[in-house]
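Chemist: what's the 3D shape of this:
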Amino acid sequence: MVLLKLEKLEPYLDDLVLLLTDAVENGASIGFLPPVSEQEAKNYWLKTQEDLFSYNRQVLAIRNEDRLVGSIQIETSPKADALHRCKVEKLMVLSDVQNSGFATTLIEGAERVAASMQKQLIYLETRSEDDASHLFIKMGYTVAGEIPNYARSANGQLEATTFFYKEVEPTFETF
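Modeler: The predicted model follows:
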């Protein structure tokens, strides 16, 4: 297993498309509803690559046995009052390798990258009853609150979303 900070997404595009479609088809609350076409997923990752080039986003991925099995993103803001914080989003792990510690490794990697970017606060949102919600609590994130009926699920129902945060100590580590 290797944790990667992706500078370009195109070399990994096929794996990233599979990762996104697999996550959505298995019910992940990451801003898409099934079915997601390969073209829609590809367009998403190409747009994400533009954000990489503008330094508004970082993408981390785990490569295991010559394929990407998970990813997580860090979104930053250029606003003067927000330079100390970042948002973690789109934690995805392939369904056939879940519960193998990859999600934990991705979250820890995102925390290290955020700290190396001199961020002091990480925040995120996730559907309240998802496994990810329980994992963030286990990893020391604080619940800031819950909004009912915030996200639509694949079955069409509106579900609550929990907002989390975690303070981190900036470092001078290069990642």
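Chemist: C-alpha from now on. contacts and neighbour counts both.
Modeler: Fine.
Chemist: K87 is in contact with E75, isn't it?
Modeler: Yes. Taking contacts as C-alpha atoms under 8 Å, K87 lies within contact range of E75: 5.1 Å.
Chemist: quick one: the helices in this structure?
Modeler: 13-25, 38-53, 102-116, 131-138 (DSSP state H).
Chemist: M92: which of those helices is closest?
Modeler: For M92, the closest of these is helix 13-25, at 6.2 Å, according to C-alpha to C-alpha.
Chemist: That closest one relative to helix 38-53, how many degrees between them?
Modeler: When axes from the mean of the first three to the mean of the last three C-alpha atoms, to 10 degrees is applied, the directions of helix 13-25 and helix 38-53 differ by 110 degrees.
Chemist: Make a markdown table from the helices of the chain and add mean neighbour count to it.
Modeler: Formatted as a markdown table, these follow (neighbours: other C-alpha atoms under 10 Å):
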| stretch | mean neighbour count |
| --- | --- |
| helix 13-25 | 20 |
| helix 38-53 | 16 |
| helix 102-116 | 21 |
| helix 131-138 | 15 |
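Chemist: can you tell which of these is closest to Y165?
Modeler: With C-alpha to C-alpha as the measure, helix 131-138 is the member of those nearest Y165 (9.2 Å).
Chemist: how much does the closest one deviate in direction from helix 102-116?
Modeler: Using the same axes, to 10 degrees: helix 131-138 against helix 102-116 is 60 degrees.
Chemist: List the contacts of helix 131-138.
Modeler: Here helix 131-138 makes contact (C-alpha atoms under 8 Å, 6 or more residues apart in numbering) with T104, T126, R127, V143, T162, F164.
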